[in-house]
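*Asks:* what's the 3D shape of this:
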Amino acid sequence: MKALHIITGLGVGGAEQQLRLLLRHLPVDCDVVTLTAPGPVAAGLTADGVRVTHLGMNGNRDLTALPRLVRLIRAGRYDLVHTHLYRACVYGRLAARLAGVRAVVATEHSLGTSQMEGRRLSAGVRALYLASERLGHATVAVSPTVADRLRRWGVPGPRIEVVPNGIDLARFRFDPALRERTRRRLGLPEGAYVVGGVGRLTAGKRFDVLVRALARLPEDVWLLLVGGGPQESVLRRAAHRAGTAGRVLLTGERPAGGSPGADLPSLLSAMDVLASPSAEEAFGLAVVEAMAAGLPVLYVSCPAVEDLAPSAAPGSRRVAGDADSFVRALLDARAEGSRSRAVPAAARHYCITRSAAQLMDVYAAAVSKRPRGSSGTPPQPLSPPSASPSLGVSSA
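*Replies:* Have a look, this model is predicted:
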């Protein structure tokens, strides 16, 4: 089987890094097209031996990207096209059908209750999403919670498959020696209690809540934020106003790779608890990665935990989203003292090999053209465009 993955961009983000990890475990010949922003994950994919093409799309309404993408798909003779993130799903599903590929799968990584990938869920966004969704064979939800949201949106239940995000368990295994080296490298005082946050520094992640909570916590409590984004300067200013700038560490973006002591597993090992104040998550990958590192977690929204039995994640606790709630929860977590860094069942449930095997089942159904959908018939073929300009793509 030969598959093409189409994604909106390949900067550092959960969906982007999940794609790279997944491709390492899929027994399929895969190429990748990024519509915009090749970024660090594109470089990582290339290092893994994956052919990455940058389409050079200029904005959401760059319709010239569609015929270029159609020609690229035809030239590749792909058996299946798999799209990721909103813009890539809209353009990619249509391009695949125009190119004659009927096995089209899309993964919905980030559908919330009121937003998708940071954009408000307007009637127009929903209508375009549903229209393009019908061009595919199946839509993969990364959690049962997202599957429920898709059904409420109007996606027929039989077209939805749940394949959760996965993690490399071995990579996140706790290492006490690495913990000490990383804490020294970060300049953390001996005995500091480190509250961690992981994710894009955007308003929706609400890391400002942790900055405000820190001001009401003891002086030996530090905040370690792992990630980059447009809110970085906002968070620095908030820490200065709160008088906690000396206890807030911002690491910037941390791609999936990286040198020991500077990558995400090393930074998780340096933490004592992970706090996730985001009120709207589609999965909660950072929480699962923290659990794989043996950390207790405090979260506002995390379908990856909420969709499992409580006994699967004994070190996790749901809290209200305000700073006061985090102050109380963090004080309680610290009072419980040090705990085993054993991996809970919830983290093991999301092993990447399991997710890859589930996705291969979806691929097999799509390529065999088994009928799906409420009508009981596969999507009808589309006519190709009358003219297509030259491909005009550049390799990342």
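*Asks:* Tell me which stretches of the stretch 101-250 of the chain form strands.
*Replies:* 104-108, 115-116, 119-120, 138-141, 160-162, 193-198, 221-226, 248-250 (DSSP state E, counting those that start in this stretch).
*Asks:* Quick one: closest of these to Ser276.
*Replies:* For the strands of the stretch 101-250 of the chain, proximity to Ser276 was assessed by CB to CB; strand 193-198 is nearest, at 7.1 Å. All C-beta spots, glycine's among them, are computed from the backbone N, C-alpha and C.
*Asks:* hmm, who's touching the closest one?
*Replies:* When contacts are defined by CB atoms under 8 Å, 6 or more residues apart in numbering, strand 193-198 is touched by residues 183, 188, 205, 207, 210, 214, 217-218, 220-227, 264, 267-268, 270-277, 286, 289-290, 295, 330, 334.
*Asks:* could you flag which of the residues you listed are buried?
*Replies:* 183, 188, 205, 207, 210, 214, 217, 221-227, 264, 267-268, 270-277, 286, 289-290, 295, 330, 334 (16 or more other CB atoms under 10 Å).
*Asks:* The stretch 101-250 of the chain: helices as residue ranges?
*Replies:* 123-133, 144-153, 176-186, 208-214, 232-242 (DSSP state H, counting those that start in this stretch).
*Asks:* how about low-confidence regions in the stretch 1-150 of the chain?
*Replies:* 112-119 (pLDDT under 70).
*Asks:* Now do the same contact list for Gly39.
*Replies:* Gly9, Leu10, Gly11, Val12, Glu16.
*Asks:* so Thr8 touches Pro38, yeah?
*Replies:* No - using CB atoms under 8 Å, Thr8 is not in contact with Pro38; the gap is 11.6 Å.
*Asks:* Those two: who's more crowded?
*Replies:* Applying other CB atoms under 10 Å to Thr8 and Pro38 shows that Thr8 carries more neighbours, namely 25 against 21.
*Asks:* Just read off the phi/psi values of Arg318.
*Replies:* phi -90, psi 130 (degrees, to the nearest 10).
*Asks:* Nearest residue to it in space, please, no chain neighbours.
*Replies:* Of all residues not flanking Arg318 in the chain, Tyr299 sits nearest, at 6.0 Å (CB to CB, 6 or more residues apart in numbering).
*Asks:* so what's that neighbour up against?
*Replies:* So Tyr299 contacts Ala275, Ser276, Ser278, Gly284, Val287, Val305, Ser316, Arg317, Arg318, Val319 (CB under 8 Å, 6+ apart).
*Asks:* okay, now the nearest residue to Glu253 once chain neighbours are set aside: neighbour count?
*Replies:* Residue nearest to Glu253 in three dimensions, not counting chain neighbours: Gly228, with 3.8 Å by CB to CB, 6+ apart. Other residues near Gly228 come to 17 when the count uses other CB under 10 Å.
*Asks:* Next one: Gly228 from His137, what distance?
*Replies:* As defined by CB to CB, to the nearest Å, Gly228 lies at a distance of 35 Å from His137.
*Asks:* hmm, back to that, can you say which of the helices of the stretch 101-250 of the chain is packed in most?
*Replies:* helix 208-214 (a mean of 23; mean count of other CB atoms under 10 Å).
*Asks:* so what secondary structure elements neighbour that helix?
*Replies:* strand 193-198, strand 221-226, helix 232-242, helix 323-335 (3 or more CB pairs under 8 Å, 6 or more residues apart in numbering; DSSP states H and E).
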